[in-house]
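J.: prediction below, plus the sequence it came from.
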Amino acid sequence: MTDYDEIVTPVQPVVEVERTTETLTDIDIEESRFRYLRQALVGPTALLMPLYAGAFFTFGPMQLLLEQDGAFSSRCGSTVNNNQEDQETVCNEQSSSLLTVHFVATVLLNILTPVAGYISDHFGPFALTLALTLCGCTGIILIILASAARLDFLLYPGFILIGFIPMFGTVLIQETAKIFDGESSRRRIISLLNALFDGGGFVYTSLWAISKATGASFDVVMTGYLALAVVLFASILFLWKAILARQKLLVKMRSTVETSLETTTHVVSQVEEGTSTDKKEVNKPSSSYIPISHLTLREQLLSKQFLLFSIFFTIHNNRNQFTLTTARNHLAFLGDDDTGNRYLTIFMLLTAVSVVGLPIMELLVKLGGYHAALQGTNVLGIIYGLIVLTSKNLDVQVAGFCVFAIYRFFIYAACFSFLPTFVGKSVIGKMIGVLIAIAGVVSFVNIPLGRWPIQSLDGNFFWPNFIYTVMIVPCIFIARFLGKNIPAESS
């Protein structure tokens, strides 16, 4: 007889106790209120994603605003006035300095994302939203001061703090999805909010257009942007506070009902042979594969699947951020300055096309699972790369803009929906933080990679784009490996 044959599983009969009509009604009312608050939260969160989180990455129009305002114009010499009106006076050093500000902010937000994950896992979504609010509003205030007082160095801490909005926002998407029931519902919430996140290109474009149309100064435009942020962030904080209070009350009410059920102190010492056999099979250690979600946090982080997935995400994430940050300079090389930056405006507005990716990804997941979604990301990345590399025609680039918008959606919707399927639910915030931090460390390469074409290649971004396109090839094999392991992780 083995140790496992000696295990006796106690069986406690459950006696159903009828709940009073009053208790049922109270719980139903609270659940109804909770569902209402949950749905109400999606509204302002959906506005937050494009207006403040996603907008950060579409730097091109903001760069035009800052150039127009004269940021870093002192580096061009005495021939350039502090308040520029003619974009032909923008020198390479000024453009390079502004790109560096954004690259540094982007790298830091990636590296520090584990902080957002830690706050999420240990303090919850209200604390996460509060941190987002404080950092975001302070960052916008610093940028306004940089313009009003001609203190260009304040742009660094300003954009770093604004960069914390998408950092916290990325984890907030997961927190918002978690309060919904069912995997399919949570996946749709993640996909929807990511699609809106990716569609933020119109925001800085609109601020730039308002400034041009009205003649309003940079600090006036950004003051209005700050006022909107205060209202929006406050509404999200209010809703999260109400939702968490409802959750706590529901847990207490359900606990009261459960403790009212009759229990028995009689322990059954013998079970039928068939039941005993089933229990022995469950309790006996198995030599089969152990899902990653059952491992410790350290083991999950060091698992082959997570490390390969990190490589996959890093390549696509950094390619996306590089493209968005250098869009203004890349299109200028193709002649967009001669059109009054018309194609940069089109590029930023077409980021909203990312919502088209939502039904496409849903279909791919339905037909081929997350493996199909990951491979779809690779295919879209290669198609976009080929368009950029093979044509200098600005009209052809418009087709590339549409592909890129859907590609961006796939990167984050596919990756952030796939990750919770093989890691522990209690550490999802930390895992997302580490995933983005790994990409952030590697993204330091974007700083010299972005300065290289401007300073040495006359503004031609062919070679950086070629490098990123070629790097997608190994992602095809990584996605294949991850796809083969999905059944084992789901078992």
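T.: Thanks, I have the structure now. Numbering: from 1, shown residues only.

J.: which non-adjacent residue is nearest Val427?
T.: Closest residue in space to Val427, ignoring its immediate chain neighbours: Leu297 at 5.2 Å, by C-beta to C-beta, 6 or more residues apart in numbering. Where C-beta positions appear, they are placed from N, C-alpha and C, glycine not excepted.

J.: and after the helix or strand of the chain with the lowest mean pLDDT, which helix or strand comes next?
T.: Across the helices and strands of the chain, the lowest-confidence element by mean pLDDT, DSSP states H and E is helix 273-283, at a mean of 44. Toward the C-terminal end, the helix or strand that comes next after helix 273-283 (DSSP states H and E) is helix 297-301.

J.: so how far is that following helix from its chain's centroid?
T.: Centroid displacement of helix 297-301 relative to its chain, using C-alpha atoms, centre = their mean, to the nearest Å, is 22 Å.

J.: which helices and strands does that helix pack with?
T.: Helix 297-301 makes packing contacts with helix 428-442 when contacts are defined by 3 or more C-beta pairs under 8 Å, 6 or more residues apart in numbering; DSSP states H and E.

J.: any buried residues in the helix it packs on, and which?
T.: Along helix 428-442, the positions that meet the burial threshold by neighbour count (16 or more other C-beta atoms under 10 Å) are 428-440, 442.

J.: can you redo the residues you listed as CSV with distance to Gly357 and pLDDT?
T.: Conversion of the buried residues of helix 428-442 to CSV gives the following (distance: C-beta to C-beta, whole Å; pLDDT from 0 to 100):
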residue, distance to Gly357, pLDDT
Ile428, 23, 77
Gly429, 25, 76
Lys430, 27, 81
Met431, 23, 84
Ile432, 20, 84
Gly433, 25, 83
Val434, 26, 87
Leu435, 20, 89
Ile436, 20, 86
Ala437, 25, 87
Ile438, 24, 90
Ala439, 20, 87
Gly440, 24, 82
Val442, 25, 89
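
J.: can you lay out these as JSON lines showing distance to Tyr52?
T.: Listed next are these as JSON lines, based on distance: C-beta to C-beta, whole Å:
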{"residue": "Ile428", "distance to Tyr52": "23"}
{"residue": "Gly429", "distance to Tyr52": "20"}
{"residue": "Lys430", "distance to Tyr52": "24"}
{"residue": "Met431", "distance to Tyr52": "24"}
{"residue": "Ile432", "distance to Tyr52": "19"}
{"residue": "Gly433", "distance to Tyr52": "20"}
{"residue": "Val434", "distance to Tyr52": "24"}
{"residue": "Leu435", "distance to Tyr52": "22"}
{"residue": "Ile436", "distance to Tyr52": "18"}
{"residue": "Ala437", "distance to Tyr52": "21"}
{"residue": "Ile438", "distance to Tyr52": "25"}
{"residue": "Ala439", "distance to Tyr52": "21"}
{"residue": "Gly440", "distance to Tyr52": "19"}
{"residue": "Val442", "distance to Tyr52": "25"}
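
J.: of the residues you listed, closest to Pro114?
T.: The shortest gap between Pro114 and any of these belongs to Gly433, at 3.4 Å (C-beta to C-beta).

J.: which residue packs closest to the closest one, ignoring adjacent ones?
T.: The shortest distance from Gly433 to any non-neighbouring residue, by C-beta to C-beta, 6+ apart, is to Gly117 (2.9 Å).

J.: and the gap between that neighbour and Met167?
T.: Applying C-beta to C-beta, to the nearest Å, one obtains 10 Å for the distance of Gly117 from Met167.

J.: how about Gln174?
T.: Looking at Gln174 against Met167, where the rule is C-beta to C-beta, the gap reads 13 Å.

J.: the two - which one has more neighbours?
T.: Neighbours were tallied for Gln174 and for Met167 using other C-beta atoms under 10 Å; the higher tally belongs to Met167 (27 against 24).

J.: hang on, that one packs against Leu109?
T.: Yes: applying C-beta atoms under 8 Å as the test, Met167 and Leu109 come out as touching, 4.3 Å apart.

J.: which helix or strand lies directly C-terminal to the helix or strand where His371 lies?
T.: Remark: His371 resides in helix 357-390, with elements defined by DSSP H and E. Remark: after helix 357-390, the chain's next helix or strand is helix 394-418, criterion DSSP H and E.

J.: how many other residues sit next to the residue nearest to Gly433?
T.: 26.

J.: hey, which helix is longest across this structure?
T.: helix 218-259 (DSSP state H).

J.: in the stretch 1-150 of the chain, where is pLDDT below threshold?
T.: The stretch 1-150 of the chain contains residues with pLDDT under 70 at 1-24, 77-90.

J.: for it, which segments are assigned as helices?
T.: Assigned by DSSP state H, counting those that start in this stretch, the stretch 1-150 of the chain shows helices spanning 21-48, 59-69, 92-111, 113-123, 125-148.

J.: let me have the ones you listed in TSV, extended by distance to Phe462.
T.: Putting these into TSV (distance: least, C-beta to C-beta, whole Å) gives the following:
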stretch	distance to Phe462
helix 21-48	36
helix 59-69	19
helix 92-111	17
helix 113-123	31
helix 125-148	33
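
J.: what's the most buried one of these?
T.: For the helices of the stretch 1-150 of the chain, ranked by mean neighbour count under the definition mean count of other C-beta atoms under 10 Å, the leader is helix 59-69 at a mean of 24.

J.: and that one, how far from the chain's centre?
T.: Mean-position distance between helix 59-69 and its chain equals 24 Å (C-alpha atoms, centre = their mean).

J.: how much space separates the nearest residue to Leu151 once chain neighbours are set aside from Thr314?
T.: Of all residues not flanking Leu151 in the chain, Leu145 sits nearest, at 6.6 Å (C-beta to C-beta, 6+ apart). Distance check for Leu145 against Thr314: by C-beta to C-beta, it reads 34 Å.

J.: over to Met348?
T.: The value you get for Met348 to Thr314, if C-beta to C-beta is used, is 25 Å.

J.: go on, Phe126?
T.: In this structure, Phe126 and Thr314 are separated by 31 Å, where distance is defined by C-beta to C-beta.

J.: what's the longest helix of the chain packed up against?
T.: Applying 3+ C-beta pairs under 8 Å, 6+ apart, one finds that helix 218-259 contacts helix 21-48, helix 59-69, helix 125-148, helix 201-214.

J.: and these as CSV, adding distance to Pro464?
T.: As requested, the helices and strands packed on helix 218-259 are exported to CSV (distance: least, C-beta to C-beta, whole Å):
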stretch, distance to Pro464
helix 21-48, 31
helix 59-69, 16
helix 125-148, 27
helix 201-214, 20
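
J.: looking at those, which is nearest to Ala195?
T.: Ala195 lies closest, by C-beta to C-beta, to one member of the helices and strands packed on helix 218-259: helix 21-48, at 9.6 Å.

J.: residue closest to the middle of this structure?
T.: Closest to where the C-alpha atoms of the chain average out (C-alpha atoms, centre = their mean) is Thr170, at 3.5 Å.

J.: hmm, Trp452 is touching Asn465, no?
T.: No: counting by C-beta under 8 Å, Trp452 does not reach Asn465; the two are 11.9 Å apart.

J.: between the two, which is the more surrounded one?
T.: Neighbour totals were compared for Trp452 and Asn465, and Asn465 leads with 21 against 14 (other C-beta under 10 Å).

J.: find the nearest non-adjacent residue to that one, please.
T.: Distance criterion C-beta to C-beta, 6+ apart; nearest residue to Asn465, sequence neighbours excluded, is Val388 at 5.0 Å.

J.: who has more neighbours, Met348 and Thr314?
T.: Higher neighbour count among Met348 and Thr314: Met348, with 29 against 21, using other C-beta under 10 Å.

J.: quick check, pLDDT for Cys415.
T.: Among the per-residue scores, Cys415 holds a pLDDT of 89.

J.: okay then, goodbye and thanks.
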